[in-house]
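**Q** one predicted model, sequence on top.
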Amino acid sequence: MTTARLSLGPIQEHWAKEKMLDFYRTIESSPVDIVYLGETVCSKRRSFRHQDWIDVAERLQAAGKEVVLSTLALLEANSELGYVRKLCTNGRFTVEANDMSAVQLLAGKTRFVGGPSLNIYNPRTLSKLVELGLFRWTLPVELSKNALAGIQQEMPPGVEAEVFAWGRMPIAYSARCYTARAHKVSKDDCAHCCIDYPDGLMLSTRDNEDFLVINGIQTQSARVHNLIHELGDPTALIDVFRISPQSEHIEQVISLFDQVRSRSMEATEAVPELRRFSASDLCDGYWHDEAGMASCIQARTA
Amino acid sequence: MELVCPAGNLPSLKAAVDNGADAVYIGFRNETNARHFAGLNFSDRQIEQGLAYARRNETKVYVAINTYPQADNFAKWQSAVDQAAHYAVDALIVADIGVMEYAAGKWPELRLHLSVQGSATSHEAVRFYAEQFGVQRAVIPRVLSVKQVAALVDNSPIPIEVFGFGSLCVMVEGRCSLSSYVTGQGPNTFGACSPASFVRWTETDDVLETRLNGLLIDRFEKNENAGYPTICKGRYKVNDVTGYAIEAPTSLNVLPILPELLRIGVAAIKIEGRQRSPAYVGKVTTILRAAIDACRDDPDGFRPDRVWLSELSALSEGAQTTLGAYQREWQ
């Protein structure tokens, strides 16, 4: 089998322009193969204008990366649809569709990628989208290794499977901005307060268990999803391992995934290192048909 | 504007039909629908009885097959579609592309509605389902403001159905994995949110705690009304402040904006609540029926009756109602 590729997902949080530029400069020389670019959470975030994204896309492409432009996951206003249309007709870079509006705009016109917020739960759904031009898709985060295997048994040839392998999982979207709510204002009056939380805003239970992370209209798992063990498993049928950006130590995380990929390190050796660079405890429950927040591999090897 | 009412069982179906529903929606007794709760939903015999009752009273029956099958259980969704087709129901309410493709291919005469679980929030998303599978109506998630609903109705190739009353999903339907994150079971794959089998109520001294699979969702003092531990309605800490960080227990109620929904051309209003009692369904159906009729007769002069509003509040989660995302300030 061919070596798995590493991808870098879209930045999910709101960062300042300089921070984003620095971040992607670092990525140019990193061993990731694919980079997903674009604002997928909130259209009010404007650190980067369209041309800034294109500039970064060109630099990453020149550095040998496959560049994919990601669309907004939740569309509400017609202006947002207008921007999705602009991305879908860009004519140069592949597009990752993160909702069915983007699929509609891409279908039958150009090859595209399906993002983790598209509901592709079974082979029949996947086949239909492949017929319309999809060539790679990210498994919805709540699906397991068994679900993926089931899809792959009936998958059309040539389709690539990607999994959300590292980072806090996006697990819900809403019309309401919870960061603004924490600041006691509505979304229209948010003053872009999410820029103060480059790794999101922690939501804990009343007995102080870190539970969720608020990122504007998106809700993430507090725990960091980690599937590095699958990268060390030659029988795993995964083409692309997605690493989700974090505000610090992304180079180290990418490097550890790369070392396990090249067999210069065992996954079990990498995990204690990854923990040092992780903002929270690790989890992998979904992958093992358990509650998403469960940590199965850890429990087994402990 | 059609009034679409929930029926979790035969008595609820009769209550909806008797009190003025234009259509009722039901589900089979398994995870093929998004109210897969113990003791709820219809056996074959009950479906036959329900259909006969509804037809005698000229009420349509829609069947929700609106969860997401996987490779190993797709056949169950297929047979649900076949069964609904066999009964010649008035429409299927579907979310999964694979299920839609199957239904449209095998039963081209069967009318399809896009479920709220399909998460379509723009006219291009709606167009996808209309063009690919001949879907004839879309139920939209509770995320758009009234103005945005109006724009969607204007541009959509098919009629739009919106939620009018009932428990409020504050997350986009079809894209919420909060429940599966905590329990392993959620709306998309299992057809239930915060399933009862994971709920624990623990009373200690003066405090009642509600937990879901061990995770603390809320804690109630003696003078507080304890609510069901739905994750998005719990109290949590954010920036050292404890409160309803996502949403307080509350129900959606569109009566204050009913004339606007009518004016912008919304095709149908749906009442949430297949898990509710026949008495609840009967009462809410009666009020919504009266409100829609009054609004149709005199849209400019329409004001929601105070008695209706207080009765609806009494039936609501947390005894309060909201316009939710229809109103921008809520967002």
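**A** Nice, I can see it.

**Q** alpha carbons only for contacts and neighbour counts from here, please
**A** Noted.

**Q** how near is A:Lys17 to A:Pro245?
**A** 15 Å (CA to CA, to the nearest Å).

**Q** who has more neighbours, the two?
**A** Higher neighbour count among A:Lys17 and A:Pro245: A:Pro245, with 22 against 14, using other CA atoms under 10 Å in any protein chain shown.

**Q** low pLDDT regions in the chain?
**A** No chain was given, so I picked chain A. Where chain A drops to pLDDT under 70, the residues are A:1-2, A:298-302.

**Q** my bad, the chain I had in mind was chain B
**A** Residues of chain B that meet the cut-off, pLDDT under 70, do not exist.

**Q** and B:Ser12, what does it touch?
**A** With contact set as CA atoms under 8 Å, 6 or more residues apart in numbering or on different chains, B:Ser12 has these partners: B:Pro6, B:Ser277, B:Pro278, B:Ala279, B:Val281, B:Gly282.

**Q** for those residues, which two are the farthest from each other?
**A** Pairwise distances among these were taken by CA to CA; the largest, 11.9 Å, belongs to B:Pro6 and B:Ala279.

**Q** who has more neighbours out of the two?
**A** The neighbour comparison of B:Pro6 against B:Ala279 (other CA under 10 Å) goes to B:Pro6, with 27 against 13.

**Q** pretty sure that one is touching B:Ile26, no?
**A** Yes: the criterion here is CA atoms under 8 Å, and B:Pro6 meets it with B:Ile26 at 6.7 Å.

**Q** name the residues contacting each of the two.
**A** Each of B:Arg274 lies in contact with both B:Pro6 and B:Ile26 under the rule CA under 8 Å, 6+ apart.

**Q** chain B contacts on the stretch 101-250 of chain A?
**A** By CA under 8 Å from any CA of the partner chain, the residues of the stretch 101-250 of chain A that approach chain B are A:101-105, A:117, A:119, A:121-126, A:128, A:142, A:147, A:150-151, A:171-178, A:181-182, A:186-188, A:201-208, A:221.

**Q** of these, which belong to strands?
**A** Using DSSP state E, the subset of those located in strands is A:Ile171, A:Ala172, A:Tyr173, A:Leu201, A:Met202, A:Leu203, A:Ser204, A:Ser221.

**Q** the last one reaches A:Pro170, doesn't it?
**A** Yes: the pair formed by A:Ser221 and A:Pro170 meets the contact definition of CA under 8 Å, at 6.6 Å.

**Q** any chance of the ones in strands among the residues of the stretch 101-250 of chain A next to chain B in a markdown table, plus neighbour count?
**A** Listed next are these as a markdown table, based on neighbours: other CA atoms under 10 Å in any protein chain shown:
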| residue | neighbour count |
| --- | --- |
| A:Ile171 | 25 |
| A:Ala172 | 21 |
| A:Tyr173 | 26 |
| A:Leu201 | 22 |
| A:Met202 | 20 |
| A:Leu203 | 28 |
| A:Ser204 | 23 |
| A:Ser221 | 27 |
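
**Q** could you identify the most distant pair in those residues?
**A** Maximum distance among these (CA to CA): 18.4 Å, for A:Tyr173 and A:Ser204.

**Q** okay, strands next: where are they in the stretch 101-250 of chain B?
**A** B:112-114, B:137-139, B:160-167, B:199-204, B:207-212, B:215-221, B:236-238, B:241-243 (DSSP state E, counting those that start in this stretch).

**Q** so which of these is nearest chain A?
**A** With CA to the nearest CA as the criterion, chain A lies closest to strand B:236-238 of those, at 4.9 Å.

**Q** outside of that closest one, which residues touch it?
**A** So strand B:236-238 is contacted by A:182, A:201-206, A:208, B:217-218, B:242-245 (CA under 8 Å, 6+ apart).

**Q** can you do 10 Å?
**A** With contacts defined as CA atoms under 10 Å, 6 or more residues apart in numbering or on different chains, strand B:236-238 is touched by A:178-179, A:182-183, A:201-214, B:216-219, B:242-246.

**Q** quick one: strands adjacent to it?
**A** Strand pairing for strand B:236-238, using DSSP bridges, gives strand A:201-204 (antiparallel), strand B:241-243 (antiparallel).

**Q** how about those strands, which one is nearest B:Phe133?
**A** Closest among these, using CA to CA: strand A:201-204, at 40.7 Å.

**Q** which other helices and strands contact whatever helix or strand B:Val24 lives in?
**A** Using DSSP states H and E, the element containing B:Val24 is strand B:23-26. Secondary-structure packing of strand B:23-26 (3 or more CA pairs under 10 Å, 6 or more residues apart in numbering or on different chains; DSSP states H and E): strand B:2-6, helix B:10-18, helix B:44-56, strand B:60-65, strand B:91-94, strand B:268-271.
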